[in-house]
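Student: Provided below for reference: sequence and predicted model.
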Amino acid sequence: MSRIDSGEKAITLHSVTVFMRTALTLMILLILTSLGGIVNVNAAPPSDGNDVIIDADETWSESQAMNGNVLVKNGATLTIDASMTVGPNNEITVEDGGQLILTGSLTGEDINSALSLTNTSQFHLNFGDLADTGTIQFNFEETVSTSAMMNITVGDQTVDAAGQDTVSIEAPLDGTDIVVDFYIYHVFPIQITSIQALHTGSGEMPILDAHEINQTNGSLTWSEASFSMTVFGNMYMENGAVYGADILCAGVCEIESSDLIGSAPIHVENGSSLSVNSSLIQGSRTDEDIIVHDLAEITYTNSQGTGGTTDAWIRLLSQRIIQTNSPNATVHQTGIGYGASTRDDITDANGQIDIGGSEWRRIVEWADQNGEYHTEDAELTLTLSSGWGDFAITTPAPKLPYATVNIPLPYIEIVSIDAEDTTAEVNKKIGAMVTVRNTGQSAATVNIWCYVEDNLTSTTSLTTTLTPGEEKKLPVSWWANTDGGQVLNCRALIPDVLKSISDDITNTEGGNSQEVGWYIGKDTEDQPLLIYVILAALILAGSAMFSLRATSKDSNYGDVAEEIPSGTATEAAEEDSEAEEDSETDEDDSAEQED
């Protein structure tokens, strides 16, 4: 039994040993596989200009140069906890779902900054202990105009910089603080790109770029960015710094206790958000440090911007279209945009008006150079003038890319037409009652015309004024000159300016009466004979008047003849008398011959 037990134990121990070796082998393989995966993830920035994809969490903690594009994929986080220099035109992109954490710094290699000076600008310089004395050289972005008033004062020395592109002034370089004052009067800005300390000793000749100068009342500008950062996912900066970047936030961006120098304006796309707290933003390529587009969100607290003429942030609408319910409406605008402009326009054929024709008119809120918040106080008055009256609305201007503002309009409805009978005699009137009401939002004065089969018919005129919600019954008299069954249709007469929106202001089909049977009565049948009698009487009367007037003329002629002198009409009358006597004698002779 003991031998058998010993053998079984040996077999068992061998099995355990084999199992442990297999497990160990599998474990080593898993570790190697994991390490292999880590090796495939770039643990450092690109340096040879190639593109690098970050698809797993990664941290860059060594200060070095970066040269190449970086893409942080969905689900990955890139942490930069070191001072990195970034090559010209490099791109860092964070996909939606990716994350960039920046607790170090990114500095573009191709820095292009300048400092715009004002009459109250002042520099505070200290280059350290380089030499007892030397000179400070001021380098301008371009030659100062000869027409400019431009004096630079260091201590008791003042130099006129007009017509110069560099100016040198003696100054102590032994660690003494140096104050530089400017006296400037010029229409266009004068900008300094750098300052350099020069001396005859063997030490260094330090140079300060514009963004490195300790100054007050100057405005740092950046003509172009060195590299770009585009964030569709998340970016979180804390105690970090970015120099010379073009930053687009199209996701969620948080900047906490950080510096952005020469990296403005930051664009915040519609639908994204940016928070800036206890941070410094200096050196913008435009007149604002942050541009918030359309309805993007911004939180800006306890921070300092570029200052000078540069606003801390603005909200800029991509467009500013107002859709109304009528063409040809006048739109009076006051207080629009950054400049609070006033303007009058007319809605187009689609009832639209663009009140954001310029960038200034599309800036609806902003924080100024001191961080103080402002908002547009604008108002729109829309008026539609017509034969029915003037319809208008006054409203605050919407701070949206697209908004609808409807003018309150009337809606005139011809409810019913009730004729007093179902039969009527031709050419005799019949009464009817037209019921109209206004179910719209504005009062209107309307004319109502009546038709039979789309032909204007003879009725008394209908004009009425209806306030919103009011209903009236209007009496009307109706004549017909033909017999047969007829239906009276009455509609509101629509002015030309309202015809394009006729369906919005009235029931265009109008209202109908019951059918009325028109017949020709006895008096109507006798009317032709009566007309003939009247015409005959008129003819006879005219003939009688003509005869009377002729007789009157003959009588007047005799009276006139008596007044004519002898030798004229009298002689002629005597000749006529003699002729008559001769005629009578001839007649007598003829009679005797017949006897």
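Tutor: Thanks, I have it. Numbers count the residues shown, from 1 in each chain.
Student: longest strand in the protein, please.
Tutor: strand 129-140 (DSSP state E).
Student: which helices and strands sit right next to that strand?
Tutor: Applying 3 or more CB pairs under 8 Å, 6 or more residues apart in numbering; DSSP states H and E, we find strand 129-140 packed against strand 166-174, strand 190-198. (Glycine included, C-beta is placed from N, CA and C.)
Student: mind putting these into CSV with distance to N427, mean pLDDT and mean neighbour count?
Tutor: What follows is these, written out as CSV (distance: least, CB to CB, whole Å; pLDDT from 0 to 100; neighbours: other CB atoms under 10 Å):
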stretch, distance to N427, mean pLDDT, mean neighbour count
strand 166-174, 106, 94, 17
strand 190-198, 94, 94, 20
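Student: can you check which of the ones you listed gets nearest to I417?
Tutor: I417 sits nearest to strand 190-198 of all those, at 80.5 Å, using CB to CB.
Student: which neighbouring elements make contact with the closest one?
Tutor: Using 3+ CB pairs under 8 Å, 6+ apart, strand 190-198 is in contact with strand 113-117, strand 129-140, strand 207-209.
Student: so the chain: which segments form each domain?
Tutor: For the chain, automatic domain parsing gives the domain ranges 1-40, 52-110+224-316, 113-222, 321-404, 412-520.
Student: as a markdown table, the ones you listed with distance to L540 would be great.
Tutor: Output for those, formatted as a markdown table (distance: least, CB to CB, whole Å):
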| stretch | distance to L540 |
| --- | --- |
| domain 1-40 | 128 |
| domain 52-110+224-316 | 92 |
| domain 113-222 | 101 |
| domain 321-404 | 52 |
| domain 412-520 | 28 |
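Student: same question for the longest strand of the chain, mean pLDDT?
Tutor: For strand 129-140, mean pLDDT is 93.
Student: what's in contact with it?
Tutor: Residues outside strand 129-140 that contact it (CB atoms under 8 Å, 6 or more residues apart in numbering) are 125, 152, 154, 161, 164-175, 178, 180, 190-201, 203-204, 206.
Student: what about the helices in this structure?
Tutor: Secondary structure of the chain (DSSP state H): helices located at 2-40, 502-505, 522-562, 569-594.
Student: hey, what's V70 bridged with?
Tutor: V52, I92 (DSSP bridges).
Student: does it really touch E95, like I thought?
Tutor: No - V70 is beyond contact range of E95, at 11.3 Å (criterion: CB atoms under 8 Å).
Student: quick one, which of the two is more surrounded?
Tutor: Shown here are V70 and E95; by other CB atoms under 10 Å, V70 has more neighbours (23 against 20).
Student: which residues does the more buried one contact?
Tutor: Contact analysis of V70 by CB under 8 Å, 6+ apart lists 45-46, 51-52, 54, 78, 90-93.
Student: quick one, what contacts the closest residue to P408 other than its chain neighbours?
Tutor: Once flanking residues are discounted, P408 sits nearest to Q441: 3.5 Å by CB to CB, 6 or more residues apart in numbering. Neighbouring residues of Q441 by CB under 8 Å, 6+ apart: 408-410, 468.
Student: again with I505
Tutor: Listed by CB under 8 Å, 6+ apart, the contact set of I505 reads 388, 409-412, 440, 444, 494, 498.
Student: need those in CSV with neighbour count and distance to T394, can you?
Tutor: Putting these into CSV (neighbours: other CB atoms under 10 Å; distance: CB to CB, whole Å) gives the following:
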residue, neighbour count, distance to T394
W388, 26, 20
L409, 21, 16
P410, 25, 18
Y411, 18, 21
I412, 22, 24
G440, 21, 18
A444, 24, 19
I494, 20, 26
L498, 23, 21
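Student: redo these as a markdown table? Include distance to P265 and pLDDT.
Tutor: A markdown table is the format used below for the contacts of I505 (distance: CB to CB, whole Å; pLDDT from 0 to 100):
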| residue | distance to P265 | pLDDT |
| --- | --- | --- |
| W388 | 50 | 98 |
| L409 | 44 | 98 |
| P410 | 49 | 98 |
| Y411 | 49 | 98 |
| I412 | 53 | 98 |
| G440 | 48 | 97 |
| A444 | 51 | 98 |
| I494 | 52 | 97 |
| L498 | 47 | 97 |
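Student: where in the stretch 401-550 of the chain is pLDDT low?
Tutor: The model of the stretch 401-550 of the chain has pLDDT under 70 over residues 523-538, 541-550.
Student: and for the residue nearest to the spatial centre of the chain, nearest residue in space, chain neighbours not counted?
Tutor: Compute the mean C-alpha point of the chain, and by CA atoms, centre = their mean the closest residue is R320, 1.8 Å away. Of all residues not flanking R320 in the chain, G356 sits nearest, at 2.7 Å (CB to CB, 6+ apart).
Student: for A397, see how far away the one you found is.
Tutor: Using CB to CB, to the nearest Å, we find G356 at a distance of 10 Å from A397.
Student: tally of neighbours for M84?
Tutor: The number of residues packed near M84 is 17, by other CB under 10 Å.
Student: contacting residues around it?
Tutor: Contacts here follow CB under 8 Å, 6+ apart; on that basis M84 touches 45, 60, 63-66, 104-107.
Student: just the buried residues of the residues you listed.
Tutor: 45, 60, 66, 104-107 (16 or more other CB atoms under 10 Å).
Student: could you give the bridge partners of I417?
Tutor: As for beta bridges, I417 partners with V434 under DSSP bridges.
Student: what mean pLDDT does stretch 97-112 get?
Tutor: Rounded mean pLDDT across stretch 97-112 is 93.
Student: re the thing from before, quick one: which of the contacts of I505 is nearest N119?
Tutor: L409 (57.3 Å).
Student: I'd say the closest one and N438 touch.
Tutor: No - with contact defined as CB under 8 Å, L409 does not count as touching N438 (10.2 Å).
Student: before we move on, the earlier item: so which of the domains of the chain gets nearest I539?
Tutor: Among the domains of the chain, the nearest to I539 by CB to CB is domain 412-520 (25.4 Å).
Student: what's the separation between D504 and T459?
Tutor: Taken as CB to CB, the span from D504 to T459 is 27 Å.
Student: these two: which is more packed in?
Tutor: Counting neighbours by other CB under 10 Å for D504 and for T459 shows that T459 has the greater number, 20 against 14.
Student: which residues does the more buried one contact?
Tutor: Contacts for T459 (CB under 8 Å, 6+ apart) come out as 450, 476-479, 488.
Student: weed out the non-buried ones from those residues.
Tutor: Neighbour-count burial (16+ other CB under 10 Å) is assigned, among the contacts of T459, to 450, 476, 478, 488.
Student: with distance to T133 added, can I get these in CSV?
Tutor: What follows is the buried ones among the contacts of T459, written out as CSV (distance: CB to CB, whole Å):
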residue, distance to T133
C450, 105
V476, 107
W478, 112
L488, 109
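Student: rewinding a little: quick one: the residue nearest to the centre of the chain and E359 touch, right?
Tutor: No - with contact defined as CB under 8 Å, R320 and E359 do not form a contacting pair (10.6 Å).
Student: which residues in the stretch 301-450 of the chain form strands?
Tutor: Assigned by DSSP state E, counting those that start in this stretch, the stretch 301-450 of the chain shows strands spanning 311-316, 321-323, 330-336, 341-346, 352-354, 363-367, 373-375, 379-386, 389-396, 402-404, 412-419, 423-425, 430-438, 444-452.
Student: now tabulate those in CSV and tack on distance to M237.
Tutor: What follows is the strands of the stretch 301-450 of the chain, written out as CSV (distance: least, CB to CB, whole Å):
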stretch, distance to M237
strand 311-316, 17
strand 321-323, 36
strand 330-336, 36
strand 341-346, 37
strand 352-354, 38
strand 363-367, 20
strand 373-375, 23
strand 379-386, 40
strand 389-396, 37
strand 402-404, 34
strand 412-419, 63
strand 423-425, 89
strand 430-438, 62
strand 444-452, 61
